[in-house]
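J.: generate coordinates for the sequence data below:
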Amino acid sequence: MAAAKIHRTLLEAPLAGWIVIRILEFLEQEVANPTAPLEELNLVVLEAQVAIRRIKGIVGDLTAFSRESKAGEAVVDLRTVVDEAERLAAQRTGHQIGIQSLLPQDLPKVMGNQRHLAQVFLNLLINAADAIDETSRTDGQIWIRAAKKGEAVTIDVDDNGAGLPAPVLKQLFVPFFTTRAPKRTGLGLATSREYLRRAGGDLTATPRPEGGARFTVALRAAP
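T.: Okay, here's the model as predicted:
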């Protein structure tokens, strides 16, 4: 039930945002050159209020989802999680983009919710594939590497896509921010980081020196 609700939420989010944007554009035009009667403007404002309330509800749904971080927490094998995410991502990337999983055999297990973690890595793989699609290159690649660092396990998801310009990097984890509307909602990365932080981990992003982007997941190593 919760998964279905979140799926519906993610589908509805772009529509609500699009409605608000169009209404604001209309009102901006009316301020510059008034033509609409007052009654029509009142209806437009009411529509904007409905859409904004819907966005508020969407944010509430996603916040509740992220608070489930402790629900179902267990010792998780990252290799199983990454394999699942790869299989799902392959339906999106096909054979045009190579995904190389370079996880060490002795990689420690981590604490988390396996279903949520699989969704996090699926979000990262799809994001990387989108970044590669924005280029004209035919040698698109995604690399997944991991290592134990102190009491944490870090996993890097690298791509040779379009990269992370400074203005984009600055807003990357802001809910509803996306450079790929209407195809993407701008919620995947924000929700992923919120879940990881509530689970005692984190998600960060940096440009790769070789070009492209690197997203780093940090998780608590299992005791």
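J.: could you check how many residues crowd around Ile144?
T.: Per other Cβ atoms under 10 Å, the neighbour tally for Ile144 reads 22. Just so you know, the C-beta spots here come from the backbone N, C-alpha and C atoms, and that holds for glycine as well.
J.: lowest average confidence, helix or strand, in the chain?
T.: Here the helix or strand of the chain ranked lowest by mean pLDDT, DSSP states H and E is helix 2-32, holding a mean of 56.
J.: give me the nearest residue to the most centrally placed residue in the chain, chain neighbours excluded.
T.: For the chain, the residue lying nearest the average C-alpha position, counting by Cα atoms, centre = their mean, turns out to be Gly188 (1.9 Å). Distances taken as Cβ to Cβ, 6 or more residues apart in numbering put Asn123 closest to Gly188, at 4.0 Å, once the chain neighbours are dropped.
J.: just confirm the one you found is within a helix.
T.: Yes: judged by DSSP: H, G, I helix; E, B strand; the rest coil, Asn123 forms part of a helix.
J.: can you tell me the element the residue nearest to Thr93 when sequence neighbours are not counted falls in?
T.: With Cβ to Cβ, 6+ apart as the criterion, Thr93 has its nearest non-adjacent residue at 4.7 Å, and that residue is Ala129. Ala129 is located in helix 114-133, with elements delineated by DSSP states H and E.
J.: between helix 114-133 and the helix or strand following that helix, find me the angle.
T.: The C-terminal neighbour of helix 114-133 among helices and strands, as given by DSSP H and E, is strand 141-149. For strand 141-149 against helix 114-133, the angle by axes from the mean of the first three to the mean of the last three Cα atoms, to 10 degrees is 140 degrees.
J.: how about strand 141-149 as CSV, C-alpha atoms only?
T.: In CSV, the C-alpha atoms belonging to strand 141-149 read as follows (Å, rounded to 0.1, in the frame of the first residue of the first chain):
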residue,chain,number,x,y,z
GLN,A,141,29.4,3.8,-18.9
ILE,A,142,28.4,3.6,-15.3
TRP,A,143,30.7,2.2,-12.6
ILE,A,144,29.8,1.0,-9.1
ARG,A,145,32.6,0.7,-6.6
ALA,A,146,32.6,0.3,-2.8
ALA,A,147,34.9,0.3,0.2
LYS,A,148,34.8,0.1,3.9
LYS,A,149,35.9,3.3,5.6
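J.: re the thing from before, per-residue pLDDT, the residue nearest to Gly188?
T.: Here, the pLDDT recorded for Asn123 equals 89.
J.: and it, what does it touch?
T.: 188-189, 191-192 (Cβ atoms under 8 Å, 6 or more residues apart in numbering).
J.: change it to 7 Å
T.: 188-189, 192 (Cβ atoms under 7 Å, 6 or more residues apart in numbering).
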